[in-house]
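Student: Please find the sequence and the predicted model below.
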Amino acid sequence: MLAQRAENGQQGRGVGERERQAECGAELDEFYMGLALDEARAAAEEGEVPIGAVVVCDGEVVARAHNRREGDADPAAHAEFLAMEEAAGALGRWRLTGCAVYVTLEPCLMCAGLMVNARIDRCVYGAPDPKGGALGTLYDVSHDARLNHEFAVVSGVRAEESAELLRRFFKRRRKGADRQAQAKPESS
C-alpha cells in the first residue's frame, strides 16, 4: 500500500507519520509472516503439522524453524520454540529483547511461556488456535500481571493462509486414515 502511494505520487499526502509507520509495520509483518508460511510448507512436506516461525531482531531474521515433533520424537519441537532456541544461539544470549516472533498459529501455553521467559518484545501470529491458544484465545500469557514480563501481540496476519495450510494438511491426513481403515480386513 505504501509502495502504491509512492508510485502514485501520494507519499506523505493526507497520511501522518504515525499512519505511515503503522502501514510500513503492517507490510513488514506480512513479509515476515510469509517467511513463517514458507517454513510451515516445509513442515507439511516432511509430514509435520504445518506451523512455521521466524525470529526477527533489529530488522534481521536471526532464526527460522518449523514443527519437528514427529521427526525429532520431541513433544517440545514446536516451530516457535525451536526458532527461539535457534535465535538465542545465534545471538549468544537467552534474553531475546528487541526480538519479534512470527508464527503461523497462535502459540500454546508452553511456547507462550517461553516467550515470557525469553523476554521477547512481540509475537505476531496468523491463525488463532481455539483448542490451545495462549495469547488471547484460551489464555493470555502475554499480558498476565502475575508474570514478570509482558509483550505485544498482533494477531490475524495472513490468518487465512495459515489456517488453510492446516485445513489441507488435516484433510489429507484424515483421507489417509480413512483409506487405511478401509484396507484393513475385518476380523471376527
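Tutor: Received, thanks.

Student: rest of the way, CA atoms for contacts and neighbours
Tutor: Will do.

Student: which residues touch V154?
Tutor: 122-125 (C-alpha atoms under 8 Å, 6 or more residues apart in numbering).

Student: When you filter these down to buried only, what's left?
Tutor: Among those, those classed as buried by 16 or more other C-alpha atoms under 10 Å are 122-125.

Student: and which of these is nearest L114?
Tutor: C123 (11.6 Å; C-alpha to C-alpha).

Student: can I assume the closest one sits in a strand?
Tutor: Yes. Judged by DSSP: H, G, I helix; E, B strand; the rest coil, C123 forms part of a strand.

Student: re the thing from before, may I ask which two of the buried ones among the contacts of V154 are separated the most?
Tutor: Farthest apart among the buried ones among the contacts of V154 by C-alpha to C-alpha are R122 and Y125. That separation is 9.9 Å.

Student: okay, and the common contacts of these two?
Tutor: By C-alpha under 8 Å, 6+ apart, the residues touching both R122 and Y125 are 153-154.

Student: give me the number of residues near A42?
Tutor: Using other C-alpha atoms under 10 Å, A42 has 19 neighbouring residues.

Student: So it is in contact with R64, correct?
Tutor: No. With contact defined as C-alpha atoms under 8 Å, A42 does not reach R64; the gap is 11.1 Å.

Student: returning to what we had before: Throw the contacts of V154 into TSV and include distance to R174 and pLDDT, thanks.
Tutor: As requested, the contacts of V154 are exported to TSV (distance: C-alpha to C-alpha, whole Å; pLDDT from 0 to 100):
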residue	distance to R174	pLDDT
R122	35	98
C123	31	98
V124	29	98
Y125	26	98
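
Student: What is the nearest of those residues to D140?
Tutor: Distances from D140 to the contacts of V154, taken by C-alpha to C-alpha, are shortest for C123, at 12.1 Å.

Student: For that closest one, name its beta-bridge partners.
Tutor: V101, V153 (DSSP bridges).

Student: was I right about it contacting V153?
Tutor: Yes. Under the criterion of C-alpha under 8 Å, C123 makes contact with V153 at 4.9 Å.

Student: following the helix ranked longest in the chain, which helix or strand shows up next?
Tutor: Ranked by residue count, the top helix of the chain under DSSP state H comes out as helix 17-45. Sequence-wise, the next helix or strand downstream of helix 17-45 (DSSP states H and E) is strand 52-57.

Student: Summarise which helices and strands the helix or strand following that next one is packed against.
Tutor: Helices and strands here follow DSSP H and E; after strand 52-57, the next one along the chain is strand 60-66. The contact analysis (3 or more C-alpha pairs under 8 Å, 6 or more residues apart in numbering; DSSP states H and E) places strand 60-66 against helix 17-45, strand 52-57, helix 79-91.

Student: Repeat the analysis, applying 10 Å as the threshold.
Tutor: Packing contacts for strand 60-66, counted by 3 or more C-alpha pairs under 10 Å, 6 or more residues apart in numbering; DSSP states H and E, involve helix 17-45, strand 52-57, helix 79-91, strand 99-105.
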